Every structure is written in structure tokens, then in C-alpha cells.
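K.L.:
missing the sequence, but the structure's below:
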């Protein structure tokens with residue numbers, strides 16, 4: 001019976017590998033769209049390559065570890081092993097080896113991913129004159145919605161002529177887009193899965209995210225941080241459109257906002 005459990009244990013790495021191979025196969029994409037969503041970010045391949053590298057590395061370690069555990073379970077089955085129990089203090093060389101190897105692997109991953117980190121967190125797109133590209137919009141996470149603010153005619157975010165919208169982020173295609181992201185109340189996480197963008201938002205901190213969408217369409221905008229009872233409904237839409245359509249939408253939406261705003265009180269007569 002002991003060897004039955006050994007074989008059952010062996011199914012863990014075997015099934016794990018089979019599921020991985022099936023999910024990674026191009027033919028399975030229509031069935032398993034959750035494996036990795038379509039990448040529409042020009043720079044998204046950096047995240048994908050890092051993800052796959054770590055997956056293959058940890059997958060190989062998982063297989064070797066699973067096979068070794070199966071070997072020991074099979075070899076030292078108590079029902080078939082008549083030798084008495086032997087107590088040992090272990091092998092110091094092996095203990096040092098399996099302590100150093102994981103540390104070396106983790107250090108290698110930390111160094112290997114530095115370029116991906118810099119690409120997504122440090123190398124903010126620049127203008128032709130060398131200045132950092134300004135933010136197209138300000139995205140504020142708030143229980144439980146995304147408040148989005150675009151600059152008005154003065155091209156400055158944070159002035160009275162700004163345009164406001166909720167849960168609908170419009171961006172132009174084939175351009176470097178910079179967003180100012182922040183939280184109004186608690187921890188949120190600004191997540192655009194199709195752009196490989198995920199930025200944790202800490203109240204009081206102003207941060208930036210950037211990308212280069214290369215395909216038009218409607219995609220998910222989500223919060224990837226458990227932020228309260230209404231976290232499940234904190235979902236918006238990312239709408240990627242041509243520059244002409246984006247400009248036309250912004251002009252029309254701003255005009256509609258100004259038309260529906262209550263008229264301000266008159267200045268009154270001078271006293």
C-alpha cells in the first residue's frame with residue numbers, strides 16, 4: 001500500500017508538467033485564454049520573457065524535487081524495507097549545498113530582472129528635447145472606482161478646465177502614454193493585464209506608469225489589491241483608439257461636461 005501512495009505522489013509533478021505543456025501550447029490558446037492575456041504593449045515582451053524564464057526555472061526545480069521525493073518514498077517503503085531505522089546527523093556538505101544553491105538562484109533572478117524593473121519603473125519616456133513626457137491623465141483609485149482626469153485646454157492636470165470621467169480610460173494607439181496614478185483612500189493596485197502594467201498605489205504617493213499600446217480595442221482595467229468589501233466591482237475599461245478618434249472623443253466629452261455643469265453664480269454688481 002505504501003508504494004501506491006508513492007505512485008499517487010508521482011502524479012503531482014506528472015500532471016503539473018502536462019497541464020503546463022497543454023496551457024503553453026499555441027493550439028490551446030482559444031481554450032485557455034487565462035494563461036496569459038494578449039499583450040498589446042510594445043514593451044510588454046520584457047515582462048512576458050521574465051515570467052517565462054522564472055516559470056521554466058522553477059518548473060525544472062519542481063520536477064527534479066518531485067522525482068527525488070518519489071524515489072525516496074519508493075525505496076524506503078516501510079512495508080518492504082526490513083532494515084532497522086538508522087539515525088544520522090546528516091551530511092554537512094549537502095546541507096551547505098542546498099542552502100547555497102537556492103540563495104544563488106534567487107540572487108541570479110534578482111539581477112536578471114533588473115532590466116525589466118528599469119524598463120517599467122525607471123525609464124520614463126522622454127520628449128524630443130530630453131524632458132520627461134508629461135502625464136496624459138491622472139488616475140485615482142478610490143473605494144470603489146477609478147477616477148480619471150484629463151488636462152483641459154491649458155494642458156495642465158489639476159486646473160478647473162480639466163475633464164473628469166469614471167472607470168473609462170481612453171488612450172491613443174502607437175504612442176508612448178504616461179499616466180499619473182495615485183490612491184485617495186486605501187491601498188489599491190492599478191492593473192492593466194493586456195499592457196502588463198501593475199502598480200501598487202499608496203495613499204499620499206504620486207507615481208507614474210507608462211506603456212505603448214500597439215492595438216486598438218477595449219480591454220480590462222482592474223484593481224489587483226484587496227481594498228475593501230467592494231473590491232470585486234472596482235473594474236473599468238481601457239479604450240485604445242487612434243489619435244484622431246481620441247482627440248475627437250476628448251473634445252466632445254469635454255464640451256458635454258461643460259454643457260451639463262451648473263452655471264456659476266453671477267459676479268454681482270460692484271458695491
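P.N.:
In hand now; what should we look at? Treat the numbers as computed from the prediction; the structure is a model and nothing was measured.

K.L.:
Over to residue 85. Which of the three states is it?
P.N.:
Look at residue 85: counting by DSSP: H, G, I helix; E, B strand; the rest coil, its state is coil.

K.L.:
Can you get me a residue count around it?
P.N.:
Look at residue 85: counted by other CB atoms under 10 Å, it has 7 neighbours. Every C-beta, even on glycine, is put in place using the N, C-alpha and C of the backbone.

K.L.:
beta partners for residue 220?
P.N.:
Counting by DSSP bridges, residue 220 is bridged to residue 237.

K.L.:
how many other residues sit next to it?
P.N.:
Neighbour tally, residue 220, other CB under 10 Å: 14.

K.L.:
for residue 209, same thing?
P.N.:
Residue 209 has 21 neighbouring residues, counting by other CB under 10 Å.

K.L.:
residue contacts, it?
P.N.:
Residue 209 sits next to 120, 178-179, 181, 190, 197, 199 when contact means CB atoms under 8 Å, 6 or more residues apart in numbering.

K.L.:
is it fair to say it lies in a helix?
P.N.:
No - according to three-state DSSP, the state of residue 209 is strand, so it is not within a helix.

K.L.:
sorry, back to before: how about the contacts of residue 209 in CSV, adding secondary structure?
P.N.:
Converted to CSV, the contacts of residue 209 look like this (three-state DSSP):
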residue, secondary structure
120, helix
178, strand
179, strand
181, strand
190, strand
197, strand
199, strand
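
K.L.:
Out of these, flag the one nearest to residue 249.
P.N.:
Proximity of those to residue 249 (CB to CB) peaks at residue 179, which lies at 16.8 Å.

K.L.:
just checking, the closest one touches residue 207?
P.N.:
No - Residue 179 is not in contact with residue 207 according to CB atoms under 8 Å; the separation is 9.2 Å.

K.L.:
Which one of the two is surrounded by more residues?
P.N.:
Set side by side, residue 179 and residue 207 show more neighbours around residue 179, with 21 against 15, by other CB under 10 Å.

K.L.:
ok, that one to residue 37 distance?
P.N.:
Note on residue 179: its distance to residue 37, by CB to CB, to the nearest Å, is 19 Å.

K.L.:
Which of the three states applies to residue 20?
P.N.:
The assignment at residue 20 comes out as helix when based on three-state DSSP.

K.L.:
Not counting its neighbours along the chain, what's nearest it?
P.N.:
residue 59 (6.4 Å; CB to CB, 6 or more residues apart in numbering).

K.L.:
After the strand or helix carrying the one you found, heading C-terminal, what element do we hit next?
P.N.:
Residue 59 belongs to helix 45-75 when elements are defined using DSSP states H and E. Counting by DSSP H and E, the next helix or strand C-terminal to helix 45-75 is helix 92-112.

K.L.:
which residues touch that following helix?
P.N.:
Counting by CB under 8 Å, 6+ apart, 50, 53-54, 57, 61 sit against helix 92-112.

K.L.:
chain center to that helix: distance?
P.N.:
Distance of helix 92-112 from its chain centroid, counting by CA atoms, centre = their mean, to the nearest Å, is 27 Å.

K.L.:
can you check stretch 135-152 too?
P.N.:
Taking CA atoms, centre = their mean, one finds stretch 135-152 lying 19 Å from the centre of the chain it belongs to.

K.L.:
how long is it end to end?
P.N.:
Stretch 135-152 has its terminal residues 13 Å apart, counting by CA to CA, to the nearest Å.

K.L.:
What's the mean pLDDT across that stretch?
P.N.:
Averaging pLDDT along stretch 135-152 yields 93.

K.L.:
what helix or strand is the residue most central in space within the chain on?
P.N.:
For the chain, residue 198 is the residue whose C-alpha lies nearest the centre (CA atoms, centre = their mean; 3.7 Å). Assessed by DSSP H and E, residue 198 sits inside strand 197-201.

K.L.:
what lines up beside that strand in the sheet?
P.N.:
The strands beside strand 197-201 in its sheet (DSSP bridges) come out as strand 188-192 (antiparallel).

K.L.:
outside of the partner strand, which residues touch it?
P.N.:
Here strand 188-192 has contacts from 139, 141, 179, 181, 197-201, 209, 211, 219-225, 227, 234, 238, using CB under 8 Å, 6+ apart.
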